[in-house]
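Student: prediction below, plus the sequence it came from.
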Amino acid sequence: MPSRRDLLAGAAALAASGALRAASQERLSEAELLRFAPLGQVTLLHLSDLHGQLAPMHLREAAVNRGVGPAGAQPPFLAGESFRAWFGIPAETPFAHAVSAEDFDRLARRYGRMGGLDRIATLVAAIRAERHGRTLLLDGGDTWQGGWLALASGGEAILAAMALIAPDAMTGHWEFTYGADRMRALVAEAERRGTRFLAGNVQEREWNDDVFPALHLFERGGVGVAVIGQAYPYTPIANPARLIPDWTMGVQADRLAARVAAARAAGAEAVVLLSHNGVALDRALAERVDGIDVILSGHTHDCTPAPLRVGRTLIAASGAHGKFLTRIDLAVAGGRVVEHRHALIPVFAEAIRPDPVVAAAVAAARAPHAALLDTVVAVTESTLWRRGTLNGTWDDLICAALMAETGAEIAFSPGFRWGTALPAGSPVTMEAVFEQTAITYPNVWRRAMTGAAIKEMLEDVADNLFHADPFYQQGGDMVRAGGLGFLLDPEAPRGRRIDGLTLLASGAPLEAGRGYAVAGWASVGEAAAGPPAWEPLAAHLRRLGTVRIAANTAIRLR
Amino acid sequence: MIALTAATAMLSVLPARAEEALRPRTRAAVQGIVGDRTVREGGITLRLPAIAENGNSVPLAISVDSPMTESDHVTAVHVLADANPLAEVATFRFTPACGRAEASTRIRLGETQDLVAIAELSDGSVRLARQEVKVTIGGCGG
């Protein structure tokens, strides 16, 4: 349970953001979203994991978000009512809808879409005007991937749109999946437009030289603010290493500690880690590395209505897809942060005036693709969402499509956390299909796997999620499975978490020695030969015409 | 400082995952190196990735705190991989002329397992460090 101090911190933060406004169930205004009593010399603005999402959308948070051990009973491993209880957020309010999957469709209708780069631009411009010369806008990465515009332009369309709001610095993860050469070109272009790409934990494999600058010492409000970039440390494992064969990463806590010390020695009075570690790993890292004032945490798509605290380090996360903007004001005295004020600002699209320049640029970028993206392939009677420890209806649908199109008995889809939601009754467009599948290695594979190999693979992924030590967690959701039933015990030791594997087609237990026809996509090994995953998904949706997805009861958590 | 003399008791005080004892074969190899000498925790640093990017080539660096003088120096460091077909991966031998007790190499790990490093010192004491390295199929959540 949260301590009284946590609750007070949460309530104070919500009050500061204007979002609490008692327990009102009315929509919030732009002025209320921006309400904030400024503090000190420096304002940090953070957004992360935009995943190419330039337009307002619906995004359903996880209803099930399991962690392990004592850490599993605190943020970020909370969802729905327990999340709201921890942070003191009343049910049914706009803020409750922003952070919780409870009653999603009904509240989505009431409060409307969220995000949109043109809305974020309005908020950023207002805060920059109020805090001129004091503001740092920091982008946590996973920005240039996601959706068709990102993929079709090799990241360029998103980079160009982001340049209009001019982040001062960014770090990355999916950016690396464009391949090393393309990424270097994108980084050079971003820097030309004023955004520094920082990553202290990416080294060239042969000589261990830094590939990118690790940090930059900014001056804001007369204060030296060091921003250290931390790219997603497990990119070469979680994504195809063949795309960045000469680069090595890792958490590198010792190297980070040295960089923090060097930043202080160089005159930094505040040290910020712009991190793509994920919240659980950032908590663990803050316990190991002293001297970081603020960790702005991306990757796991968590949001923190109030910052988490580890010693003197604040950890703040800002969700995904442009749904939130975090503001933290810092008062610095005597070479250290002495006071802070924080708000997680929910970007309610219907409350915020779109910035006309950004809106026009986004529309212009989309226009050549509009006929493709607006193509309706089905209508859904079920809510389609992605997030959750075990499954989401989007991936249930992708697995069904892979089985239907390849004739496989079993299908797997990665536990990606990105991807927007569609409330029941929505048309399903190609734009939505791409929002779930547009990556640089989208190809479908089909092969025979033994029951033993299937179990080993599931155990391997489960250990990447539920290892007791956050340094060994990769920070995603469980691989999604179709045609398969099992019981997952997160607290069990490695190799013993998966039980009761069943082939759903026959209802028979999976046999260790038998071969099964298995399909999947997004292989991190060798490139697969099949079509990109959006093709079978679109074909399947067209054939269905109307999507109805029953609750997945075959895959369960202990 | 915890100091124990029996190798079996020693293993139980390591900062190890409680549910994962070393395999009998590895324990025997540790026992063979340690003999009846005193095992100390600390003073030995094992640098390994928590999750290997490539199990076929895992960077490993070891350093032992030691003045490396005639009277007080490290004589050898042994590296064992609990689940490899051959647990004894490498032995590095040192003299005071080495100046520092440090070594680095790349090793091959067939699967997720614990690495054990044992340092033998000229005063007859033994230091031991242990770390898990995950060798994973990969795939992404975020």
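Tutor: Sure, I can see it.

Student: where does the prediction get shaky in the chain?
Tutor: Defaulting to chain A. A:1-23 (pLDDT under 70).

Student: you looked at the wrong chain, it should be chain B
Tutor: Checking chain B against pLDDT under 70 turns up B:1-20, B:138-142.

Student: now do the helices in it.
Tutor: B:7-12, B:24-34 (DSSP state H).

Student: list the contacts for the spatially most central residue of chain B?
Tutor: Residue closest to the average C-alpha location in chain B (C-alpha atoms, centre = their mean): B:Ala117, at 1.2 Å. Going by C-beta atoms under 8 Å, 6 or more residues apart in numbering or on different chains, B:Ala117 touches B:Ile44, B:Leu46, B:Ile62, B:Val77, B:His78, B:Val79, B:Leu80, B:Leu128, B:Ala129, B:Arg130. Every residue, glycine included, has its C-beta placed from N, CA and C.

Student: okay if I get those residues as a markdown table plus neighbour count?
Tutor: Formatted as a markdown table, the contacts of B:Ala117 follow (neighbours: other C-beta atoms under 10 Å in any protein chain shown):
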| residue | neighbour count |
| --- | --- |
| B:Ile44 | 22 |
| B:Leu46 | 18 |
| B:Ile62 | 24 |
| B:Val77 | 24 |
| B:His78 | 23 |
| B:Val79 | 20 |
| B:Leu80 | 26 |
| B:Leu128 | 24 |
| B:Ala129 | 21 |
| B:Arg130 | 21 |
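
Student: tell me the one of those residues nearest A:Gly291?
Tutor: Nearest to A:Gly291 among the contacts of B:Ala117 is B:Leu46, at 24.3 Å by C-beta to C-beta.

Student: for that closest one, which residues make a bridge with it?
Tutor: B:Ile62 (DSSP bridges).

Student: how close does the closest residue to A:Leu243 other than its chain neighbours sit to A:Ala185?
Tutor: Among residues not flanking A:Leu243 along the chain, A:Gly179 sits closest, at 4.7 Å (C-beta to C-beta, 6 or more residues apart in numbering or on different chains). According to C-beta to C-beta, to the nearest Å, A:Gly179 stands 10 Å off from A:Ala185.

Student: can you count the residues close to the closest residue to chain B within the stretch 401-550 of chain A?
Tutor: Of all residues in the stretch 401-550 of chain A, A:Gly476 sits closest to chain B, at 0.6 Å by C-beta to the nearest C-beta. The tally of other residues near A:Gly476 (other C-beta atoms under 10 Å in any protein chain shown) stands at 24.

Student: how about the helices in the stretch 451-558 of chain A?
Tutor: Remark: helices assigned in the stretch 451-558 of chain A by DSSP state H, counting those that start in this stretch are A:451-466, A:534-544.

Student: for the last one, the distance to its chain's centre please.
Tutor: Helix A:534-544 sits 26 Å away from the centroid of its parent chain (C-alpha atoms, centre = their mean, to the nearest Å).

Student: returning to what we had before: is it true that the residue of the stretch 401-550 of chain A closest to chain B touches A:Thr389?
Tutor: No. Counting by C-beta atoms under 8 Å, A:Gly476 sits too far from A:Thr389 to count as a contact (9.8 Å).

Student: what is in contact with the two at once?
Tutor: Each of A:Leu465 lies in contact with both A:Gly476 and A:Thr389 under the rule C-beta under 8 Å, 6+ apart.

Student: can you show me the strands along the stretch 251-400 of chain A?
Tutor: All strands of the stretch 251-400 of chain A, identified by DSSP state E, counting those that start in this stretch, fall at A:270-275, A:294-297, A:308-310, A:313-317, A:324-333, A:336-346, A:376-380.

Student: other SSEs contacting the fifth one?
Tutor: The helices and strands touching strand A:324-333, judged by 3 or more C-beta pairs under 8 Å, 6 or more residues apart in numbering or on different chains; DSSP states H and E, are strand A:42-47, helix A:117-130, strand A:294-297, strand A:313-317, strand A:336-346.

Student: picking that back up, which one of the contacts of B:Ala117 is nearest A:Arg193?
Tutor: Nearest to A:Arg193 among the contacts of B:Ala117, with distances taken as C-beta to C-beta, is B:Leu46, at 43.2 Å.

Student: report the contact partners of the closest one.
Tutor: Per C-beta under 8 Å, 6+ apart, neighbours of B:Leu46: B:Leu60, B:Ala61, B:Ile62, B:Leu115, B:Ala117, B:Ala129, B:Arg130, B:Gln131.

Student: contacting residues for the last one?
Tutor: I take that to be B:Gln131. Neighbouring residues of B:Gln131 by C-beta under 8 Å, 6+ apart: B:Leu46, B:Leu48, B:Asp114, B:Leu115.
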